[in-house]
Each structure stands twice: as structure tokens, then as C-alpha cells.
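1. fold the following, please.
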Amino acid sequence: TQISIRVRQSKYFNFTKKSMKHIVIVILFLTYTLSFTQVDTTLLKRQQIDSTKQQLNMDAVYNRPFLSFGKLPVSVGGYAEVNWQHIGTDGVSEGHQFQMRRMTLFVASSISKKIKFLSEIEFEEGGKEIAIEFASLDVEFHPLFNLRGGIIMNPIGAFNQNHDGPKWEFTDRPIAATQMLPATWSNAGFGLFGKTYKNNWMFGYELYLTSGFDDAIIDNEEGKTFLPASKENTERFEESASGTPLTTAKIAIRHKRFGEIGLSYMGGIYNSFQDDGIVLDEKRRLNVFAIDYNTTLTKTNTFITGEWAWINVDVPETYTQQYGDKQYGGFLDIVQPVLKQKMLGWDNATLNLACRLEYVDWNVGTFNETGDDIGDELWSIMPAITFRPTQQTVFRLNYRIQRQTDILNNEPAKLGGFSFGISSYF
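-> So this is what the prediction gives:
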């Protein structure tokens with residue numbers, strides 16, 4: 001009864017579980033050695049996030065707390081998420097479930113004044129799934145002209161780049177971002193990015209050419225058009241299935257008072273239309289458009305964030321209508337602080353009320369034979385109570401109310417239940 005279902009290979013590049021375990025052992029050994037070595041703790045420095053500085057969603061990869069040691073150019077950090085849930089569908093439940101959703105490690109380095117490196121390695125389900133989600137070299141030529149190369153998180157919508165658990169009030173990631181869009185979605189490639197400021201305004205852009213999707217989006221175990229199925233193809237970090245680049249572009253504008261709005265596009269040819277020069281099929285495109293917005297209402301300190309995406313896929317005419325050529329969906333989060341003061345020994349703790357609204361339609365349109373609406377859609381409401389002893393740690397209690405119809409629009413499956421979780425940077 002898990003809400004978010006993802007199936008990925010247990011290795012990226014040539015990393016196997018065994019080799020990754022060796023890496024973890026080395027890290028643990030170094031940590032153990034340092035703990036018994038006379039280290040001047042004054043050299044350990046926590047790089048705090050400056051919440052007063054204007055940021056865009058594109059800054060999320062660097063807008064994290066890191067721990068540095070003396071004058072070493074390398075900083076480390078990470079976060080962890082652990083949950084309990086009791087959720088049932090149509091009165092049937094698997095009972096109490098305990099989950100170590102993920103542990104993520106960050107490693108950043110300032111190689112020189114204008115060259116930086118940052119990586120994000122994620123361990124999910126107790127190490128069952130291991131992924132390099134981000135690993136790039138950034139070279140700054142000008143604030144508006146920076147080169148990025150490596151494993152890049154494609155900037156479609158806002159959540160894909162800004163997905164760290166401690167930033168969110170909900171134990172589950174948005175359904176539209178993970179089960180319609182393929183967050184977290186990363187590919188090997190190159191691109192440009194930059195931003196500029198003027199008075200209360202901020203402008204940023206990103207443009208990347210990467211590897212991308214494959215035929216799995218219309219040939220998968222889900223039996224429908226399903227973009228996250230391409231995440232199983234780890235060969236995309238070495239070669240493109242179609243031999244053509246996936247283009248991802250985004251522009252974002254932020255005003256100090258009105259918030260940030262982003263417009264993004266991701267598209268390209270997804271199918272293997274030729275093999276060794278022999279044409280197998282016509283070129284088939286995938287296009288995704290998204291809009292995202294976030295703001296904080298100054299009078300009430302209410303935080304609002306959300307995104308909406310539209311997907312168009314060129315599906316072969318030989319496929320049945322259960323494979324939709326149009327999809328759309330999104331989410332809206334509303335977070336209201338109700339108490340901010342010293343609580344339980346924490347000087348600046350916050351108690352929040354929150355709610356997430358979600359909707360996804362995996363098959364927009366009507367049946368050719370009858371004209372009736374095609375189903376395969378979902379809506380969800382998730383109220384929440386959260387407690388933040390600091391801005392880097394969150395305790396989350398959620399209740400999900402969800403309805404999902406099949407392709408024939410039969411009586412919707414009714415899902416509901418509680419979840420509790422803790423997520424924190426370290």
C-alpha cells in the first residue's frame with residue numbers, strides 16, 4: 001500500500017551494491033578514525049543556509065547545510081527520512097509499516113575560485129536502491145553564463161531539483177512529480193545556467209542537452225503511458241536510446257514580495273527509431289510543459305508552493321487506447337505556521353498546519369467508440385501537522401484521503417490512512 005512506487009536498477013554506471021558497500025565502509029572507517037583522533041573541533045564549521053538571501057529553485061542543489069573541516073576545499077552533508085504508516089485501500093490494509101525511505105549523502109568541493117563540484121548519492125530502502133542523482137562540475141564565466149556538465153537533474157517543474165525531504169511537510173513525495181513526471185529524474189549531459197538581480201527582482205535560466213527517455217514509457221509493467229519507467233534504463237548515463245538529445249529549458253522570475261514563478265519545457269525523440277542505420281520506426285516525440293510557483297504571504301507567513309505539468313506523447317496508432325497520448329496533473333502545498341517560540345528546549349521551534357492537494361490524469365481524452373471519458377485518474381487530499389525544532393529537522397504527521405479510478409471509470413478505489421515521519425539534514 002505504499003503511495004509512491006518506484007522500481008529502479010540497483011546500480012548507476014558500474015556501481016554495484018558490493019562496490020558501494022566498500023565505499024560506505026571506507027567512509028565509516030574514516031569517521032571512526034577521526035572520532036578517536038585529537039581533532040580541533042573549532043575547525044569543524046557548519047555552513048548555515050542564509051534564509052534572508054533571495055534564492056530560486058535552481059539554487060536548491062547548493063542551498064543545503066554542509067560541514068567543512070578547516071581549510072579543506074571539500075564539504076559534506078546529507079539527510080535521512082524514516083517513516084511509519086498505516087494505510088488501507090477499500091478497507092484492506094497491510095497493517096503497521098516501518099520504512100527507512102532514504103539516506104542521501106552530499107559531497108561538494110570548491111576546486112578553484114570559479115570551478116565547483118557537487119554530488120548527491122541516495123540510498124533507498126536500506127540500500128536496496130543506490131543512485132547517483134547529481135554529480136556535476138560547474139564552471140562560472142559570468143553570473144549569467146555558467147557551464148555545467150555531468151549527471152544533471154533536469155529542471156522540469158520545481159520538485160525535481162528541490163526535493164530534499166527536510167524541506168517538505170509531507171512524508172510522501174507528490175504523486176504528480178513521481179508517478180506522472182519521473183522525479184527524481186537525472187541524466188548525463190551538458191548545459192548552461194545563470195541568474196541576475198535588479199532591485200527586488202531576480203531572473204534565472206537553465207538550458208541542458210542530456211540523454212533521456214526510451215521506449216519503456218509505452219512498454220512497461222504499468223500497462224499505460226508511464227514516464228518513470230525510463231528510470232530503469234541505467235544505460236542512459238552512457239548512451240541515448242534514440243541517439244538524439246533531450247532538451248530541458250527553464251526560466252524563473254522572483255519578486256521579493258510576490259514570490260517565484262517558473263516555466264519549463266522538456267522534450268525530444270524517445271524511441272529507438274533506427275538500429276545500425278536501418279530505420280525501424282518514425283521518430284516519436286515526447287513534450288512536457290510545466291509551471292511552478294511559490295510565495296510566502298507576508299501578513300500571515302503562509303507558505304504556498306505548487307506545480308502543474310502537461311505531457312504529450314506520440315503513441316503509435318497500433319497501441320490500444322489505454323496508452324494515453326496526453327496527461328496532466330500537479331499539486332499544491334499550503335503551510336501555515338501557528339506557533340513559533342521556544343518549545344521543548346529548542347529556542348526557535350515552529351508548529352505548522354499544512355495541506356496538500358493533488359490531481360493526476362494519466363489518460364486525458366474520450367474513447368473512440370463511445371465518446372465516454374477515459375478514466376485512469378487520481379485525486380488526493382493530505383492534511384498535516386508538523387513540528388520543526390529547527391529549520392533543518394521536521395516531524396510530520398499526515399493523513400491521506402485518496403480516490404483513484406481505473407481506465408473504465410469504475411467505482412474509485414478508496415485509500416486512506418495515517419503516516420508519521422522524521423526527516424533531517426545532518
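2. excluding its backbone neighbours, what's nearest residue 134?
-> Sequence neighbours aside, residue 120 is the residue nearest to residue 134 in space, at 4.0 Å (criterion: CB to CB, 6 or more residues apart in numbering). Backbone N, C-alpha and C define where each C-beta goes, glycine included.
3. these two touch, right, that neighbour and residue 103?
-> No - contact criterion CB atoms under 8 Å: residue 120 and residue 103 do not qualify, at 11.5 Å.
4. between these two, which one's more packed in?
-> residue 120 (25 against 17; other CB atoms under 10 Å).
5. please name the residues that touch the more buried one.
-> Residues in contact with residue 120 (CB atoms under 8 Å, 6 or more residues apart in numbering) are 61, 104-106, 132-135.
6. so it lies in a helix, does it not?
-> No - residue state for residue 120 (DSSP: H, G, I helix; E, B strand; the rest coil) corresponds to strand; a helix is not indicated.
7. partners of it in the sheet?
-> residue 106, residue 134 (DSSP bridges).
8. roughly how far does it sit from residue 60?
-> Per CB to CB, to the nearest Å, residue 120 is found 11 Å from residue 60.
9. also residue 346?
-> Applying CB to CB to residue 346 and residue 60 gives a distance of 25 Å.
10. higher neighbour count, the two?
-> Between residue 346 and residue 60, counting by other CB under 10 Å, residue 60 is the more crowded of the two (19 against 14).
11. wait, the more buried one touches residue 162, no?
-> Yes - counting by CB under 8 Å, residue 60 does reach residue 162; the two are 3.9 Å apart.
12. just the buried subset of the contacts of residue 120, please.
-> Buried members of these, counted by 16 or more other CB atoms under 10 Å: 61, 104-106, 132-135.
13. reformat those as CSV; add pLDDT and distance to residue 85.
-> Shown next, in CSV, are these (pLDDT from 0 to 100; distance: CB to CB, whole Å):
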residue, pLDDT, distance to residue 85
61, 89, 29
104, 95, 20
105, 94, 25
106, 94, 27
132, 91, 28
133, 94, 24
134, 95, 28
135, 96, 31
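14. among these, which one sits closest to residue 73?
-> Comparing the buried ones among the contacts of residue 120 against residue 73 with CB to CB places residue 106 closest, at 14.6 Å.
15. got the contact list for the host helix or strand of residue 209?
-> When elements are defined using DSSP states H and E, residue 209 is found to belong to strand 201-210. With contact meaning CB under 8 Å, 6+ apart, strand 201-210 is reached by 54, 56, 58, 148, 152, 154-155, 187-196, 245-255, 260.
16. now with 6 Å?
-> By CB atoms under 6 Å, 6 or more residues apart in numbering, the residues outside strand 201-210 that reach it are 54, 56, 58, 152, 155, 187, 189, 191-193, 195-196, 245-246, 248-255.
17. quick check: longest strand of the chain.
-> strand 326-343 (DSSP state E).
18. I'd like the next helix or strand past that strand.
-> Following strand 326-343 in sequence, per DSSP H and E, is strand 346-361.
19. what residues of the longest strand of the chain count as buried?
-> Going by 16+ other CB under 10 Å, strand 326-343 has these buried residues: 326-335, 337.
20. swap in stretch 73-90?
-> 75, 77-83, 85, 87.
21. so where do the helices sit in the stretch 101-250 of the chain?
-> Here the stretch 101-250 of the chain has its helices, by DSSP state H, counting those that start in this stretch, at 175.
22. spatially nearest residue to the residue nearest to the spatial centre of the chain (excluding sequence neighbours)?
-> Taking CA atoms, centre = their mean, the centroid of the chain lies closest to residue 160, which sits 3.3 Å from it. Ranked by CB to CB, 6+ apart and with sequence neighbours excluded, the top spatial neighbour of residue 160 is residue 183, at 4.5 Å.
23. can you check residue 55 too?
-> Per CB to CB, 6+ apart, closest to residue 55 is residue 63, 5.5 Å.
24. give me the pLDDT value at the one you found.
-> For residue 63, the pLDDT comes out at 88.
25. you'd agree it is up against residue 77?
-> No - shown here, residue 63 and residue 77 do not form a contact pair, counting by CB atoms under 6 Å, at 11.4 Å.
26. quickly list what's touching both of the two.
-> With CB under 6 Å, 6+ apart as the test, residue 63 and residue 77 reach no residue in common.
27. can you give me the strands in the stretch 151-300 of the chain?
-> 186-198, 201-210, 246-255, 259-269, 274-275, 278-279, 285-297 (DSSP state E, counting those that start in this stretch).
28. TSV for these, including mean neighbour count?
-> Converted to TSV, the strands of the stretch 151-300 of the chain look like this (neighbours: other CB atoms under 10 Å):
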stretch	mean neighbour count
strand 186-198	18
strand 201-210	20
strand 246-255	20
strand 259-269	20
strand 274-275	11
strand 278-279	8
strand 285-297	18
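29. CSV for those strands, including mean pLDDT and distance to residue 314?
-> CSV is the format used below for the strands of the stretch 151-300 of the chain (pLDDT from 0 to 100; distance: least, CB to CB, whole Å):
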stretch, mean pLDDT, distance to residue 314
strand 186-198, 96, 20
strand 201-210, 97, 20
strand 246-255, 97, 15
strand 259-269, 97, 9
strand 274-275, 86, 16
strand 278-279, 88, 16
strand 285-297, 97, 5
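30. quick one: which of those is nearest residue 238?
-> With CB to CB as the yardstick, what comes closest out of those is strand 186-198 (7.4 Å).
31. give the pairing partners of that closest one; include direction for each.
-> strand 145-153 (antiparallel), strand 201-210 (antiparallel).
32. gap between the residue lying closest to residue 341 once chain neighbours are set aside and residue 72?
-> Spatial nearest neighbour of residue 341, excluding adjacent residues (CB to CB, 6+ apart): residue 349 at 7.0 Å. Plainly put, residue 349 is 33 Å away from residue 72 if you go by CB to CB.
33. same question for residue 287.
-> 45 Å.
34. likewise for residue 91?
-> Taken as CB to CB, the span from residue 91 to residue 72 is 56 Å.
35. residue ranges with poor pLDDT in the stretch 1-150 of the chain?
-> 1-54 (pLDDT under 70).
36. and if we set it to 80?
-> Applying pLDDT under 80 to the stretch 1-150 of the chain flags residues 1-54, 69-71, 125-128.
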